[in-house]
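In: sharing a model that was predicted from the sequence below.
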Amino acid sequence: MSTTTFAQALNRALRDSLTDDPDVVVLGEDVGTLGGVFRITDGLTRDFGEERCFDTPLAEAGIAGFAVGMAMQGFRPVIEMQFDAFGFPAFEQVVSHIAKMRNRTRGRLTLPLVIRVPYAGGIGGVEHHCDSSEGYYAHTPGLHVVTPGTPADAYSLLREAIASPDPVVFMEPKVLYWSKAELDLPATTAPIGTAEVRREGSDVTLLTYGPQLPTALKAAEVAAAEEDWDVEVVDLRSIVPFDDETVMASVRKTGRCVVLAEAQGFAGVAGEVAARVSERCFHSLAAPVLRVSGLDIPYPPPKLEHSHLPGVDRVLDTIGRLQWDDEPDLTYAGGPGDRAEAR
């Protein structure tokens, strides 16, 4: 095995897809000679030519619309939005055409198209460069929404997304681009629509995805060492389709659940996940399902992002609110920093 970064795994997935399927093309702003802002497409134009990996004008709506036409003609375009919020000008194309084409044509036309979106914070980026936009896409029927949290998943899920006959919004946590793992490529992990239990536990289920997976795993370690709480960590991996079976099995086992997501809390993916768990596991729950999320504000300046992003302490505070008595006090409404009072 060799040490492979998240970014290298994505690059290799694109390379292998271009090699295996002549219909795959990569396009976007600066993805060609430069290799992308984060160098995910580094060397692809050199090795496959400008017809297979090429730069586009700075017009996200045009990039998405062009990709729709290419997919309708039999190509498998992989487009990059460069930064999360940069994709918003293309949202009309995504919602009105990319997501609806199969339904509009009664299945006669599919759109085998991947939209790569580097998203979320933790890199000291400024406004428009650190948004968590997964909720917009997950709310749109017709799209698959995937977000890997490990180098192995980065490779395997991107290969599967490119091979899919349906459009996939592939959310890449920027903060994980430099994360590493011992990995032999090519690698095959669980398919899209499957969650993974990253850490077994018996006291509480911690559900998360993408950029917050390292925070969840660290919080579980601290909880075990300092509080004697046995936390099970479940990595959703795929937001749409959603793996109800794995998630609900974990919550029914532990009886408690916390949902951890970086995006703002109101009307977000974490809220939907919490609602699903509450509806399906109501009689198994010993306490209400709680959420840990980013604050309901526009993304802050770099010096303040540490206050906005969920961290280990906030996760532990929230777990503490779940109570550990045989008859938990479900009226407790303490906030972060009240862990001593919560127990």
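Out: Now that the structure is in, tell me what you want to look at. Just so we're clear, the structure is a prediction, and the values are computed from it rather than from any experiment.
In: looking at this protein, which strand is longest?
Out: Using DSSP state E, we find that the single longest strand of the chain is strand 257-264.
In: now that strand: mean pLDDT?
Out: Strand 257-264 shows a mean pLDDT of 97.
In: ok, stretch 70-77 next?
Out: Regarding stretch 70-77, the rounded mean pLDDT is 97.
In: which residues sit against it?
Out: Stretch 70-77 has contacts (C-beta atoms under 8 Å, 6 or more residues apart in numbering) with 17, 21, 23-27, 66-67, 101, 109-114, 162, 167. (C-beta placed from N, C-alpha, C; glycine too.)
In: how about the contacts made by Leu285?
Out: Neighbour list for Leu285: Val251, Gly255, Arg256, Cys257, Val277, Ser278 [criterion: C-beta under 8 Å, 6+ apart].
In: ditto for Tyr119
Out: Counting by C-beta under 8 Å, 6+ apart, Tyr119 touches Asp84, Asp131, Ser132, Ser133, Glu134, Thr147, Met171, Glu172, Pro173, Lys174, Gly210, Pro211.
In: distance of it from Ala263?
Out: Going from Tyr119 to Ala263 by C-beta to C-beta, to the nearest Å gives 9 Å.
In: coming back round to it: of the contacts of stretch 70-77, just the buried ones, ChimeraX syntax please.
Out: With 16 or more other C-beta atoms under 10 Å as the burial test, the buried ones among the contacts of stretch 70-77 are selected in ChimeraX as follows:
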select :17,23,24,25,26,27,66,67,101,111,112,113,114,162,167
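In: could you list which of the contacts of stretch 70-77 belong to helices?
Out: Ser17, Phe66, Ala67, Met101, Ile162 (DSSP state H).
In: I figured the fourth one hits Pro112, correct?
Out: No - the pair Met101 and Pro112 fails to qualify as a contact (C-beta atoms under 8 Å) at a distance of 10.7 Å.
In: can you pull out the strands in the stretch 151-300 of the chain?
Out: Here the stretch 151-300 of the chain has its strands, by DSSP state E, counting those that start in this stretch, at 168-173, 180-183, 196-199, 204-208, 231-235, 238-240, 257-264, 290-294.
In: quick one: those strands as TSV, columns for distance to Phe6 too.
Out: Below are those laid out as TSV (distance: least, C-beta to C-beta, whole Å):
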stretch	distance to Phe6
strand 168-173	8
strand 180-183	8
strand 196-199	15
strand 204-208	16
strand 231-235	14
strand 238-240	17
strand 257-264	16
strand 290-294	21
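In: make JSON lines out of these and add mean neighbour count and distance to Asp55.
Out: Below are these laid out as JSON lines (neighbours: other C-beta atoms under 10 Å; distance: least, C-beta to C-beta, whole Å):
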{"stretch": "strand 168-173", "mean neighbour count": "27", "distance to Asp55": "19"}
{"stretch": "strand 180-183", "mean neighbour count": "15", "distance to Asp55": "29"}
{"stretch": "strand 196-199", "mean neighbour count": "17", "distance to Asp55": "36"}
{"stretch": "strand 204-208", "mean neighbour count": "28", "distance to Asp55": "35"}
{"stretch": "strand 231-235", "mean neighbour count": "25", "distance to Asp55": "34"}
{"stretch": "strand 238-240", "mean neighbour count": "23", "distance to Asp55": "30"}
{"stretch": "strand 257-264", "mean neighbour count": "26", "distance to Asp55": "30"}
{"stretch": "strand 290-294", "mean neighbour count": "22", "distance to Asp55": "33"}
